[in-house]
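> When you get a sec, could you give me coordinates for this:
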Amino acid sequence: MAWKCTVCGYIHEGDEPPETCPVCSAPASVFEKEAAGEVTVSKQWKCKVCGYVHEGPEPPETCPVCGVPASEFEEEGAVETPVESVTEERTVSDVMVQTMINWGVDTVFGMVGHSNLGLADAIRKQCEAGKLKYIGIRHEGAASFAASAYGKLTGKPAASLSIAGPGATNLLTGLWDARMDRVPILALTGQIDTQVLGPGAFQEVDLAAAFSSVACWSQTVLETSHHAELMNLALKNAILQRDVGHLIFPNEVQTIPAPLPTPGSPEGRLPDLGTSPPATSVSQALERLNKAERPAIIVGHGARFKMDAVKKLAEKLNCPVITTFKGKGLIRDDDPLGCGVLGRSGTLVSAHFMNSSDLLVVFGASFSQHTGINPDIPTIQVDLDPITLGKFHAVDVPVVGEIGITANLFFQGLENPKSIDRREEIAAKKAEWKTEKENRAAKDNGKGLNAATVFAQLSELIPEDAVIAVDVGNNTYSFGRYFESKGQPVLMSGYLGSIGFGYPAAMGAWAAAPDRPIVALTGDGGFGQYMGELCTAGKYGMNITHILINNHELGKISTEQKMAEMTVWETGLHNPDFSEYAGICGAKGFRVEKTEEMAEAVKSALAHDGPALVEVMCDPDLI
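The predicted structure is shown next:
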């Protein structure tokens with residue numbers, strides 16, 4: 001259907017007229033419906049001063065050439081114009097964004113700016129068509145953190161968008177987080193026009209060099225490129241390598257007509273990753289599993305989507321299941337076999353059952369120093385990535401294979417295993433740990449709430465179907481030790497350990513699972529890095545409940561200075577009243593200064609429709 005602007009004669013093709021005419025900015029009300037193939041008749045008006053000819057029912061108010069008024073125009077007669085069907089030509093950006101959607105990318109976090117306008121317009125069209133969700137952030141670092149968290153929760157890539165120069169470099173920290181934690185992610189960066197690259201133009205940064213160490217695949221989109229294929233390869237590499245795919249879009253390339261307008265897709269480009277382990281590796285593992293009397297299973301983030309098979313194996317072996325910190329929540333803490341987190345953020349329960357075992361079976365964990373898996377205990381390690389096997393020290397049986405398939409093969413191959421049932425021992429150790437936590441919670445220095453008390457209450461208050469995004473610091477260590485998980489997935493900046501991850505990660509979780517309760521848990525130091533994103537949450541009505549541990553200090557750094565027998569220096573923080581700040585940003589704010597205020601504040605925040613913040617005033621020494 002064609003619509004003609006009665007002011008300037010512009011023809012628009014579509015079911016409805018545009019909101020405003022792109023030529024003369026007249027409103028939709030001046031457009032008249034025209035049938036394709038018909039002939040329209042309109043008047044021509046000639047300026048008597050300069051000869052400019054205007055087509056329309058009336059002369060213009062002023063001549064756009066010489067500026068004389070409408071009275072200086074005279075009617076020249078009528079002109080017949082055939083109404084032709086106008087088809088919008090696909091641009092390079094249109095083809096590449098459609099290809100991205102075909103690969104399953106449904107969310108983009110980013111900031112629109114002068115060197116990505118053509119790409120942003122292609123994204124806009126797909127958002128209006130209901131095929132994409134776009135979240136406009138306040139800092140590009142939040143975009144890449146949010147996209148990383150999206151990938152950690154779903155296993156699928158989201159995209160982050162920036163302009164050239166400083167916008168692109170702002171993405172790097174979040175992209176490094178995704179790379180180091182083996183998460184698929186797509187980075188889309190604008191770039192200045194290629195004709196001014198080289199001499200040091202405004203916002204010129206060599207983005208190929210800047211992203212060379214963080215991206216497993218990075219290419220510049222040129223006018224002569226096979227555009228759909230570049231997007232195919234960016235996403236193929238991001239998904240299969242669980243890494244960063246990166247595309248650089250020079251400004252002038254974004255809006256040119258696509259030479260090959262057919263978008264790409266993953267059809268025939270992705271293999272089935274359900275890889276069975278070699279029979280010899282399974283046989284070696286089963287020989288040890290059948291003989292072990294006190295085996296223990298350790299699960300990391302890599303086992304997140306395969307826990308049913310792992311739990312079935314654990315139940316047949318009657319053995320404890322321990323998690324890494326990144327794997328917290330993969331088994332409930334009240335499960336008879338669940339032993340909590342191992343390592344610096346962990347518990348006495350997990351440490352006991354690892355160290356008292358005669359065989360460790362490790363699924364999807366990377367053996368980080370933070371976790372502290374004992375290298376002196378015989379170990380079977382299972383991972384889909386062969387590089388991860390024996391990465392930090394030799395293991396007795398490295399098994400390359402998909403975790404769910406491998407755990408099921410172990411289950412099927414068990415024949416009268418010698419393992420003893422350790423459920424009673426687990427229950428006894430948990431009771432000891434519960435008493436220890438209660439003793440710690442009883443301490444009160446009169447300087448704020450005790451972390452053990454805070455997380456004991458949060459254990460009861462946070463819904464079972466929630467997603468929890470955490471930051472770094474003592475607040476996160478306390479969460480690892482004291483929070484009793486009911487199976488809620490936990491998102492964190494693992495190997496990078498970046499301060500500021502928590503709140504943008506909650507935004508990524510909300511975009512991935514908007515119908516689930518989303519809880520952000522940060523300290524005052526971490527939230528201070530991305531405070532502006534509370535405005536983003538308000539803009540999009542994100543249902544995020546933020547528990548902010550405020551101790552006016554970079555507490556983890558103070559602890560490290562004390563342990564090194566150094567003077568505690570420059571770790572104090574000057575903070576606003578965060579609960580009032582929340583209100584300014586369009587969120588609901590609560591402030592907790594006494595233990596008895598905690599439950600009501602958290603319940604009210606969780607019930608609030610939209611972003612809410614609970615500021616909990618805590619003692620920096622009671623962690």
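> Relative to residue 251, how far out is residue 422?
Distance check for residue 422 against residue 251: by CB to CB, to the nearest Å, it reads 63 Å. Bear in mind the C-beta positions are built from the backbone N, C-alpha and C, glycine included.
> what does residue 560 give?
Between residue 560 and residue 251 the distance is 45 Å, computed by CB to CB.
> how about the nearest residue to residue 608 once chain neighbours are set aside, what does it touch?
Spatial nearest neighbour of residue 608, excluding adjacent residues (CB to CB, 6 or more residues apart in numbering): residue 588 at 4.6 Å. For residue 588, the contact set (CB atoms under 8 Å, 6 or more residues apart in numbering) comprises 582, 604, 605, 608, 610, 611, 612, 613.
> where does the spatially closest residue to the second one that is not a sequence neighbour fall, helix, sheet strand or coil?
Excluding its sequence neighbours, the residue lying closest to residue 604 (CB to CB, 6+ apart) is residue 590, at 6.4 Å. Three-state assignment for residue 590 (DSSP: H, G, I helix; E, B strand; the rest coil): strand.
> What's the local residue count around residue 590?
Residue 590 has 25 neighbouring residues, counting by other CB atoms under 10 Å.
> who's in contact with it?
579, 601, 604, 605, 612, 613, 614, 615.
> Mind doing that once more with 6 Å?
579, 601, 605, 614 (CB atoms under 6 Å, 6 or more residues apart in numbering).
> Could you report the distance from it to residue 574?
For residue 590, the distance to residue 574 - CB to CB - is 21 Å.
> is the residue nearest to residue 608 in a bridge, and if so with what?
On the basis of DSSP bridges, residue 588 is bridged to residue 612.
> Could you check which of residue 422 and residue 251 has the larger neighbour count?
Higher neighbour count among residue 422 and residue 251: residue 422, with 24 against 21, using other CB under 10 Å.
> Could you find the closest non-adjacent residue to the more buried one?
Using CB to CB, 6+ apart, the closest residue to residue 422 is residue 320 (5.8 Å).
> ok, the one you found touching residue 353?
Yes: applying CB atoms under 6 Å as the test, residue 320 and residue 353 come out as touching, 4.1 Å apart.
> Mutual contacts of these two, please.
Common contact partners of residue 320 and residue 353 (CB under 6 Å, 6+ apart): 296, 339.
> how about low-confidence regions in the stretch 251-400 of the chain?
The stretch 251-400 of the chain contains no residues with pLDDT under 70.
> just so I have it, where are all the strands in it?
Remark: strands assigned in the stretch 251-400 of the chain by DSSP state E, counting those that start in this stretch are 295-299, 321-323, 338-341, 359-363, 379-383, 397-400.
> Can you add distance to residue 217 and mean neighbour count and give these back as CSV?
CSV is the format used below for the strands of the stretch 251-400 of the chain (distance: least, CB to CB, whole Å; neighbours: other CB atoms under 10 Å):
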stretch, distance to residue 217, mean neighbour count
strand 295-299, 30, 28
strand 321-323, 32, 31
strand 338-341, 34, 27
strand 359-363, 28, 26
strand 379-383, 22, 26
strand 397-400, 23, 22
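> Take these and lay them out in TSV including distance to residue 162.
Compiled in TSV, those are given as follows (distance: least, CB to CB, whole Å):
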stretch	distance to residue 162
strand 295-299	35
strand 321-323	35
strand 338-341	35
strand 359-363	36
strand 379-383	33
strand 397-400	36
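> Settle it for me: which of residue 320 and residue 353 has more neighbours?
Legend: neighbour count by other CB under 10 Å for residue 320 and residue 353, higher for residue 320 (29 against 25).
> who touches the more buried one in this structure?
Counted by CB under 6 Å, 6+ apart, residue 320 has contacts 296, 337, 339, 353, 422, 426.
> what's the closest of those residues to residue 160?
Proximity of these to residue 160 (CB to CB) peaks at residue 339, which lies at 36.8 Å.
> Please tell me how far that closest one sits from residue 359.
Per CB to CB, residue 339 is found 15 Å from residue 359.
> Residue 351 too?
From residue 351 to residue 359 the distance is 17 Å (CB to CB).
> Show me what residue 523 bridges to in the sheet.
Beta-bridge pairing for residue 523 (DSSP bridges): residue 549.
> shouldn't it be in contact with residue 551?
No: contact criterion CB under 6 Å: residue 523 and residue 551 do not qualify, at 7.2 Å.
> Neighbour-wise, which one of the contacts of residue 588 leads?
Neighbour count (other CB under 10 Å) singles out residue 611 as the most crowded of the contacts of residue 588, with 32 neighbours.
> Before we move on, what's the pLDDT of it?
Per-residue pLDDT puts residue 611 at 98.
> how about it, what does it touch?
537, 538, 542, 544, 587.
> now the second one, what's its secondary structure?
Under three-state DSSP, residue 538 falls in the helix class.
> just for the stretch 51-200 of the chain, where's the confidence low?
For the stretch 51-200 of the chain, applying pLDDT under 70 flags the ranges 79-88.
> All the helices of it, residue numbers only.
Here the stretch 51-200 of the chain has its helices, by DSSP state H, counting those that start in this stretch, at 92-102, 117-128, 140-154, 166-170, 172-180.
> Next, the buried residues of the shortest one.
When you say that, I think you mean helix 166-170. By 16 or more other CB atoms under 10 Å, the buried positions in helix 166-170 come out as 167, 168, 169, 170.
> Residue 194: neighbour count?
Neighbour count for residue 194, taken as other CB under 10 Å: 14.
> which phi and psi does residue 423 have?
Phi and psi for residue 423, reported as degrees, to the nearest 10, are phi -60, psi -40.
> That one reaches residue 339, doesn't it?
No: look at residue 423 against residue 339 with CB under 6 Å: they stay out of range, at 11.0 Å.
> Filter the contacts of residue 590 down to just the ones in strands.
residue 614 (DSSP state E).
> Please produce a ChimeraX select command covering the buried subset of the contacts of residue 590.
Command for ChimeraX, covering only those of the contacts of residue 590 found buried under the criterion 16+ other CB under 10 Å:
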select :579,601,605,614
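> Widest-spaced pair of the contacts of residue 590?
Maximum distance among these (CB to CB): 10.3 Å, for 579 and 605.
> So what's the residue count around the nearest residue to residue 205 once chain neighbours are set aside?
Among residues not flanking residue 205 along the chain, residue 165 sits closest, at 4.8 Å (CB to CB, 6+ apart). As a burial measure, residue 165 scores 21 neighbours (other CB under 10 Å).
> Same check on residue 480?
Residue 480: 24 neighbours (other CB under 10 Å).
> do the same with residue 603
Other residues close to residue 603 by other CB under 10 Å number 13.
> Read off the pLDDT value for the nearest residue to it once chain neighbours are set aside.
Excluding its sequence neighbours, the residue lying closest to residue 603 (CB to CB, 6+ apart) is residue 461, at 6.6 Å. On pLDDT, residue 461 comes in at 98.
> Now do the contacts for residue 579.
Counting by CB under 6 Å, 6+ apart, residue 579 touches 589, 590, 591, 615.
> which residues touch the first one?
Right, the one you point to is residue 589. Contacts of residue 589 by CB under 6 Å, 6+ apart are 579, 582, 583, 613.
> right, and residue 281 touches residue 401 too?
No: in this structure residue 281 lies outside contact range of residue 401 using CB under 6 Å: 7.5 Å.
> so how far is residue 148 from the residue nearest to residue 205?
Using CB to CB, one gets 22 Å for the distance from residue 165 to residue 148.
> And for residue 310?
Distance of residue 310 to residue 148, computed by CB to CB: 25 Å.
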